[in-house]
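# Quick one: sequence plus predicted model below, questions after.
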2 protein chains.
Amino acid sequence: MKFIGLLAAALTTFSFLPQAIKTIRDKDTKSISLGMYSMFASGVLLWLVYGLAIKDFPIIIANVITLIFAVAILFMKLKYK
Amino acid sequence: MKFIGLLAAALTTFSFLPQAIKTIRDKDTKSISLGMYSMFASGVLLWLVYGLAIKDFPIIIANVITLIFAVAILFMKLKYK
């Protein structure tokens, strides 16, 4: 079961990579929601704070990686209007 | 600290709602990545399987809600090409 959890974490974490690559390539963010990425990046930052507080390494590492992707997409949403 | 974790979970779960609403309204998914939502929905489904297996209610409920939003966005991505 631990393997299922790790695979789940890897999929949800790295799913933002194809979106980041597509957005860097297309420079188009019209159909991407600013509300979504504002809420999502804030939530991931809080997950990271939570992970650091309870010293849980899987929560920390998954959320550091996801935060990089989410902030990059949010930044491009703000840049390419 | 439990409050921070709950707030983090609420933000990351409900962040997909503004994206779903925007996509229903605009019927435009051009800048949304199919790869992202395919991976993300698969990952959330596995999180749900994992939550059910370890009988963890917060993991189950957060991933049921997220799965509804993610599948709705994925469905619209496939529908509105």
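Happy to help now that I have it.

# Going by C-alpha atoms from here, please, whenever you check contacts or count neighbours.
Noted.

# Name the residues of chain A found near chain B, please.
With Cα under 8 Å from any Cα of the partner chain as the criterion, chain A meets chain B at residues A:1, A:4-5, A:7-12, A:14-19, A:22-23, A:26, A:28-33, A:35-47, A:49-50, A:53.

# Cross these against helices and list the overlap.
Counted as lying in helices by DSSP state H, out of the residues of chain A next to chain B, are A:4-5, A:7-12, A:14, A:16-19, A:22-23, A:26, A:35-47, A:49-50, A:53.

# Next one: the one residue sitting closest to the centre of chain A relative to residue B:28, how far apart?
When chain A is reduced to its mean C-alpha position, the nearest residue by Cα atoms, centre = their mean turns out to be residue A:66, at 3.2 Å. From residue A:66 across to residue B:28, the span is 25 Å (Cα to Cα, to the nearest Å).

# so what's residue A:78 scoring on pLDDT?
With respect to pLDDT, residue A:78 scores 97.

# Then residue A:28?
Looking at residue A:28, its pLDDT stands at 97.

# my guess is it contacts residue B:31, does it?
Yes - counting by Cα atoms under 8 Å, residue A:28 does reach residue B:31; the two are 5.8 Å apart.

# How much space separates the residue nearest to the centre of chain A from residue A:79?
Going from residue A:66 to residue A:79 by Cα to Cα gives 20 Å.

# Tally up the residues packed near the spatially closest residue to residue A:57 that is not a sequence neighbour, please.
Sequence neighbours aside, residue A:51 is the residue nearest to residue A:57 in space, at 7.0 Å (criterion: Cα to Cα, 6 or more residues apart in numbering or on different chains). When neighbours are defined as other Cα atoms under 10 Å in any protein chain shown, residue A:51 has 21 of them.

# residues touching residue A:51, list them.
A:57, A:59, A:60 (Cα atoms under 8 Å, 6 or more residues apart in numbering or on different chains).

# Can I have the buried ones of those as a PyMOL selection?
Applied in PyMOL, the following selects the buried portion of the contacts of residue A:51 according to 16 or more other Cα atoms under 10 Å in any protein chain shown:
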select buried, chain A and resi 59+60
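
# ok, the contacts of residue A:51 vs residue B:75, which is closest?
Among these, residue A:59 lies closest to residue B:75 (Cα to Cα), at 29.2 Å.
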